[in-house]
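Colleague: no letters, just coordinates:
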């Protein structure tokens, strides 16, 4: 139902030789789990009485799928199949009529939408009406049946809310995200209802449903803490007792199970191996620039190429080096043009004329007659009308000088390219003898495995990270079973006596190339766990704050947080704030993905902010660079958020610069189990009487799970503001630990 795939988009992807991921997402891990649960849940119940036929378990699951915007058509089919298997064709007819009424209501009345909650489409009232109508279609109207219909409708509404809040739990198997206690408990209840359908299987007093429920509660108590484990155990005990006719005392047993395992996990955390610890790694961002970002920045008058490679700050040392190279080329090319009417102005660099021309060339890569005339007019130098006749040769002289200017710029670019290549070679941080020794060892070891190398590059970055790039002959096996990767990895690890990760592979078979390329990099010394929680204002349709994660050219994982605002412009949807945040995050990402040197990147960022005039864009920003190899942080702190470092002993606030142009890196060396917590101003301002309430809260928090910390901060902020969200709220929690 919700998989609307137009012919145009499908054809476009087919032309690119790609498979539409919308089709593949139908059978993702999350969706397959939901299909199976729906089939089982629709068979839960006890008899063929009409009350049980209308108990809206399967129907509620289908409505929840529509609301959450997952492949709801398959979920609906699973619910109909399950109801038919359990209760016969009578249940099929009743549920079909219910879905038909629901679709008619959705066509007539447009449901409200909210993308920031699990219930993206508000369908609760539609389900209430559907069940109420269906009940009276198959029953005579009387006062008792009115109360029965109301009870069944409310029951269906409760299950709908339960199921729609459970779906995020199944997302967490493949995507690292923060979960609330409500979502965890809802997922436990949903799974328990499905388990109740197999309660008759077992032998003696040992039922399969009991074993599965106990296993579920043990997992939840271990993974999400004693509170979630206790609540899930209590709810699961009640459900299994109600649907499977098992003793109500199981409620107490299940609740105690979740409580005990949660407490054990808390006090005995360090005794378990790393793979069993209750945290999950956030997948590293690919580092690709978001599609459409460059075009979007252009709409704000921001030149993307300028941001990537140049700076307009004439006091910057990098700019001075570039302009000196260009001046040298320019003076050589105009040496024979001393009679040209522009020669004196350029040679004396009247009013920084060369710098003005150079800025135009940096932006547009070419100088035109119109451009140079505009530059001269800014210095009150006006040329006569350009006429191509013998009496006035101004036009020809200007064209001659413009050609010399452009030729000089092309020569400058060639010179810069040579300088960059030399600098890049010098930045390998490996002397020639060491490089030859290592590459010869790798080459000889691979040759013993019948792997012929076409080139080996060994280098280190300034952090000491080892980087190996190897080109080999093509393996020729399309199945990939005989890929050279394992042999190369084993040899490299033995030579360096440490593990290196494969970060890039270009398969010759797949790319129809005669060679295969591999790139290995030293493993990081730290791992990072990440949790993010965001809520939008009650009166807005979209959150104006954006948190973006990406991998920079220096292999650091970076986070940019931007808080956009509307500059007193009425904007009910908050689109202006969102767009402002997107612009600023796009600038930060574009720079740090293209610049390896942090100091140069910071210089370009400040220059770009001045050039783009972010006061007009109306946004503030923070930047966090995480070097997981060395174990340090580099933070640029803005004014729209608070950043705290929580260590084993204390909580430290990171102070911001007063002005964006005066910003500097704040550096922090990481220790095991350090945490960084970023909270937006919307969270801080929920308690103006105590502006240090977040710092005090972090001192009192004893959990070390980032998801739980983010949930606690957001929950307290909502309590402070009396459940009313008056400003966007964002919380980012990073936890760092030794491998």
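Modeller: Right, received. Where do you want to start? Computed from a predicted model, the values in this text were never measured in an experiment.
Colleague: show me the domain layout of this structure.
Modeller: Here the domain parsing of the chain from automatic domain parsing is 1-175, 178-266, 317-424, 432-522, 526-738.
Colleague: could I get those as CSV with mean neighbour count and mean pLDDT?
Modeller: Just so you know, the C-beta spots here come from the backbone N, C-alpha and C atoms, and that holds for glycine as well. Shown next, in CSV, are those (neighbours: other CB atoms under 10 Å; pLDDT from 0 to 100):
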stretch, mean neighbour count, mean pLDDT
domain 1-175, 17, 73
domain 178-266, 20, 72
domain 317-424, 15, 78
domain 432-522, 15, 85
domain 526-738, 19, 86
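Colleague: can you pull out the helices in the stretch 351-500 of the chain?
Modeller: Using DSSP state H, counting those that start in this stretch, the helices found in the stretch 351-500 of the chain span residues 353-364, 369-377, 394-426, 432-448, 485-496.
Colleague: can you put those in a markdown table and add distance to residue 655?
Modeller: Converted to a markdown table, these look like this (distance: least, CB to CB, whole Å):
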| stretch | distance to residue 655 |
| --- | --- |
| helix 353-364 | 35 |
| helix 369-377 | 43 |
| helix 394-426 | 35 |
| helix 432-448 | 43 |
| helix 485-496 | 41 |
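Colleague: relative to residue 577, which of the ones you listed is closest?
Modeller: Across the helices of the stretch 351-500 of the chain, residue 577 has its closest neighbour in helix 353-364 (28.7 Å, CB to CB).
Colleague: against which helices or strands is the closest one packed?
Modeller: Judged by 3 or more CB pairs under 8 Å, 6 or more residues apart in numbering; DSSP states H and E, the packing partners of helix 353-364 are helix 304-309, helix 317-333, helix 343-347, helix 369-377, helix 394-426.
Colleague: for it, what is the distance to the chain centroid?
Modeller: Distance, stretch centre to chain centre, for helix 353-364: 37 Å (CA atoms, centre = their mean, to the nearest Å).
Colleague: that helix to helix 369-377, inter-axis angle?
Modeller: 140 degrees (axes from the mean of the first three to the mean of the last three CA atoms, to 10 degrees).
Colleague: possible to save the helices and strands packed on helix 353-364 as CSV with distance to residue 79?
Modeller: Formatted as CSV, these follow (distance: least, CB to CB, whole Å):
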stretch, distance to residue 79
helix 304-309, 49
helix 317-333, 64
helix 343-347, 79
helix 369-377, 67
helix 394-426, 60
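Colleague: among the helices of the stretch 351-500 of the chain, which is nearest residue 75?
Modeller: Using CB to CB, the nearest of the helices of the stretch 351-500 of the chain to residue 75 is helix 485-496, at 39.8 Å.
Colleague: which residues are in contact with that closest one?
Modeller: Helix 485-496 is contacted from outside by 438, 441-442, 445-446, 449, 451, 466, 468, 470, 472, 499-500, 502, 505, 518, 520, using CB atoms under 8 Å, 6 or more residues apart in numbering.
Colleague: next one: that helix to chain centre, how far?
Modeller: 32 Å.
Colleague: just use 44 as the starting number from now, easier for me
Modeller: Yes, from this point I'll number from 44; that puts the last item at helix 528-539.
Colleague: parallel or antiparallel, list what pairs with the very next helix or strand once past it.
Modeller: Next helix or strand after helix 528-539 toward the C-terminus (DSSP states H and E): strand 543-549. According to DSSP bridges, strand 543-549 has the following sheet partners: strand 558-565 (antiparallel).
Colleague: between helix 528-539 and the strand it pairs with, find me the angle.
Modeller: Using the same axes, to 10 degrees: strand 558-565 against helix 528-539 is 40 degrees.
Colleague: ok, residues contacting strand 558-565?
Modeller: By CB under 8 Å, 6+ apart, the residues outside strand 558-565 that reach it are 497, 507-518, 526-528, 531-532, 535, 541, 543-552, 598, 672.
Colleague: quick one: name whatever helix or strand follows that strand.
Modeller: Per DSSP H and E, the first helix or strand lying C-terminal to strand 558-565 is strand 569-578.
Colleague: nice, that's everything, thank you.
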